[in-house]
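# Need coordinates for the below:
(chains A, B, C and D)
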Number of protein chains: 2
Amino acid sequence: MLYFCKQVLTYMEKQNTEVRQEQIKQAVLDIIYTEGLKNLSTRNLAKHIGLSEGAIFRHFAKKQDITLAIVRDVQKDLIGELRSIAFSNFDPEDRLNQFLCHTVKYLLDNKGITMLMFSEASRNNDVVLKESLQQVFNSQKQLVSAIVLDGVAIGKWDGSIPVEYIADLYMGIPLSLNIELVLNQGKFQMDNFCQRMLVILLKILKK
Amino acid sequence: MLYFCKQVLTYMEKQNTEVRQEQIKQAVLDIIYTEGLKNLSTRNLAKHIGLSEGAIFRHFAKKQDITLAIVRDVQKDLIGELRSIAFSNFDPEDRLNQFLCHTVKYLLDNKGITMLMFSEASRNNDVVLKESLQQVFNSQKQLVSAIVLDGVAIGKWDGSIPVEYIADLYMGIPLSLNIELVLNQGKFQMDNFCQRMLVILLKILKK
DNA sequence: TAATTTAATGTAAGTGATTACTTACATTAA
DNA sequence: TTAATGTAAGTAATCACTTACATTAAATTA
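Alright, predicted model coming up:
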């Protein structure tokens, strides 16, 4: 192959794949929150970061893998922290408070994450993704159950309502928060949302 | 224009637009539940009914209008019935029971409806659709609040927890149900789901 | 009633836009 | 020198929707 003229291009500064993967995941959440899921194309994604579209596929083999990586982050970051709260040495009421408020804070700090997860889960029938989501969901239920059972065990809370019922109801709280976020898109003013819900949870658990 | 040969085709039996619109809406829900949202293309939709793709657009100008029509059905059918339950002459506890159990039954009978609504709302930034969804959501909150306030007024229930808090928590219940449906896809066995949740609601409201 | 017209409903075969992803090659850090 | 990361310019597939025309039920007219 002969070159008569060597083209000189201005290239995007190179970054290793770990850095780019983080940028890509963050851009996904940004786009979902500010432009909606329908604008979550690989083209728009690349534009947000300032890369070419092809570069995206250097760091994730398939678009779906980005979603999966985000769910893995949730498993590690959110569920990991919730687990350490659930098994800490505070009394059950403090743990429940921290548990709920940390969840609310995480969802507010990572807007769009729940919508991404469930939209992708219902859109693609990806088994791996669906199982990961189930795990995120069930982990929270189990951890809440553990806190409640501790409170019952020390004689502080009422044990007459089956703990699975309470866990099912509990899971509605973060879901409800997310729907509010989607429907009100920013106009959502509820800084004391977690305290509000806690008041009710404690009433449920009261002897 | 000259015809040397008049072509004779076997045509789909003609139906008026009201019938076709119902078939199309039902096919949308079937597809979402059985094949997932990603298979909700106009092509697949037409195939399910046995029509050509073009015929779909005889009955709905845009695909988005199908979703909107389904949300209108929910407003009329579900919210309409919930309203009549909320304002009936039964005592508050019976009304709350009927209200919740009717909602659960509607969602189980129309699987896919919530996923469609919220996925479309977060995907397209359609203002009309989003406002309709907000109305569906807020109507339920208001009706639940009305029942609770009645129970408090007759001195049966505890009025110390603000009724908006309870309404927010209540809305988590149908949302939680839907996530279970999506994640467990058929393996969901919870015929007494509404009774379970009712037990907790009554505990919250107990004096 | 019988013939004719019309409007609604149907079809096949397109349209351009967009999609996720690939390919061939350029650059550069190690 | 090599492997990782970048680019531009593709690819085939799919999307919602359109167009031109066929069929037919029902309304209108003879």
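# give me the number of residues near residue A:161?
When counting by other CB atoms under 10 Å in any protein chain shown, one arrives at 18 neighbours for residue A:161. (C-beta placed from N, C-alpha, C; glycine too.)
# same thing with residue A:132?
Using other CB under 10 Å: residue A:132 sits among 20 other residues.
# just checking, it touches residue A:72?
Yes: using CB atoms under 8 Å, residue A:132 is in contact with residue A:72, at 7.1 Å.
# So what does residue A:40 look like in phi/psi?
phi -90, psi 60 (degrees, to the nearest 10).
# so what's it scoring on pLDDT?
For residue A:40, the model assigns a pLDDT of 96.
# which non-adjacent residue is nearest it?
Nearest residue to residue A:40 in three dimensions, chain neighbours excluded: residue A:31, at 5.3 Å (CB to CB, 6 or more residues apart in numbering or on different chains).
# Mind checking what secondary structure the one you found has?
Three-state call for residue A:31 (DSSP: H, G, I helix; E, B strand; the rest coil): helix.
# what residues does chain A put near chain B?
Contact residues (CB under 8 Å from any CB of the partner chain) of chain A with chain B: A:32, A:36-38, A:115, A:118-119, A:121-125, A:130, A:133-134, A:137, A:161-162, A:165-166, A:168-169, A:171-173, A:175-176, A:179, A:182-184, A:193, A:196-197, A:199-200, A:203-204.
# could you give the angle of whichever strand or helix holds residue A:203 to helix B:193-205?
For residue A:203, the host element (DSSP states H and E) is helix A:193-205. If you take axes from the mean of the first three to the mean of the last three CA atoms, to 10 degrees, helix A:193-205 sits at 90 degrees to helix B:193-205.
# State the number of residues packed around residue A:171.
Neighbour count of residue A:171, defined by other CB under 10 Å: 21.
# For DNA strand D, what's the nearest residue on chain A?
residue A:54 (2.8 Å; CB to the nearest atom of the strand).
# Output the contacting helices and strands for whatever helix or strand that residue lives in.
Taking DSSP H and E as the definition, residue A:54 sits inside helix A:53-59. Secondary-structure packing of helix A:53-59 (3 or more CB pairs under 8 Å, 6 or more residues apart in numbering or on different chains; DSSP states H and E): helix A:17-35, helix A:42-49.
# Contacts for that helix next, please.
The contact list for helix A:53-59 (CB atoms under 8 Å, 6 or more residues apart in numbering or on different chains) reads A:12, A:17, A:20, A:21, A:24, A:42, A:43, A:45, A:46, A:63.
# Isn't the residue nearest to residue A:40 up against residue A:45?
Yes: counting by CB under 8 Å, residue A:45 is a contact partner of residue A:31 at 6.8 Å.
# Give me the below-cutoff pLDDT ranges for chain A.
A:1-9, A:186, A:188-189 (pLDDT under 70).
# hmm, 90 instead?
A:1-13, A:33-37, A:111-112, A:114-130, A:178-191 (pLDDT under 90).
# and it, what are its domains?
A:11-61, A:64-205 (automatic domain parsing).
# just to revisit the earlier point, got TSV for the helices and strands packed on helix A:53-59, with distance to residue A:148 too?
Formatted as TSV, those follow (distance: least, CB to CB, whole Å):
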stretch	distance to residue A:148
helix A:17-35	31
helix A:42-49	41
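# Ok, which of those comes nearest residue B:145?
For residue B:145, the closest of those is helix A:17-35, at 29.5 Å, according to CB to CB.
# what separates the closest one from the chain centre, distance-wise?
13 Å (CA atoms, centre = their mean, to the nearest Å).
# what's the distance between residue A:155 and residue A:94?
Residue A:155 is 17 Å from residue A:94, where distance means CB to CB, to the nearest Å.
# As a check, name the ranges of all helices in chain A.
Applying DSSP state H to chain A gives helices spanning A:17-35, A:42-49, A:53-59, A:63-74, A:80-86, A:92-109, A:113-123, A:127-153, A:163-184, A:193-205.
# Comparing these, which stretch has the densest surroundings?
helix A:113-123 (a mean of 23; mean count of other CB atoms under 10 Å in any protein chain shown).
# which residues touch that helix?
A:28-29, A:32, A:37, A:64, A:67, A:70-71, A:74, A:107, A:126, A:129-130, A:133, A:136, A:174-175, A:178, A:182, B:32, B:36-38, B:115, B:118-119, B:122-123, B:179, B:182-183.
# Export the contacts of helix A:53-59 as JSON lines, with columns for distance to residue B:82.
Below are the contacts of helix A:53-59 laid out as JSON lines (distance: CB to CB, whole Å):
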{"residue": "A:12", "distance to residue B:82": "55"}
{"residue": "A:17", "distance to residue B:82": "52"}
{"residue": "A:20", "distance to residue B:82": "49"}
{"residue": "A:21", "distance to residue B:82": "46"}
{"residue": "A:24", "distance to residue B:82": "43"}
{"residue": "A:42", "distance to residue B:82": "42"}
{"residue": "A:43", "distance to residue B:82": "43"}
{"residue": "A:45", "distance to residue B:82": "41"}
{"residue": "A:46", "distance to residue B:82": "46"}
{"residue": "A:63", "distance to residue B:82": "40"}
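# quick one: which of those residues is nearest residue A:151?
Using CB to CB, those come closest to residue A:151 at residue A:21, 40.4 Å.
# show me the contacts for residue A:45.
Listed by CB under 8 Å, 6+ apart, the contact set of residue A:45 reads A:24, A:27, A:28, A:31, A:53, A:56.
# Ignore what I typed, I meant residue A:132.
Residue A:132 neighbours (CB under 8 Å, 6+ apart): A:68, A:71, A:72, A:75.
# farthest pair in the residues you listed?
A:68 and A:75 (10.5 Å).
# and DNA strand C, which of the contacts of helix A:113-123 reach it?
With CB under 7 Å from any atom of the strand as the criterion, those include residue A:64 near DNA strand C.
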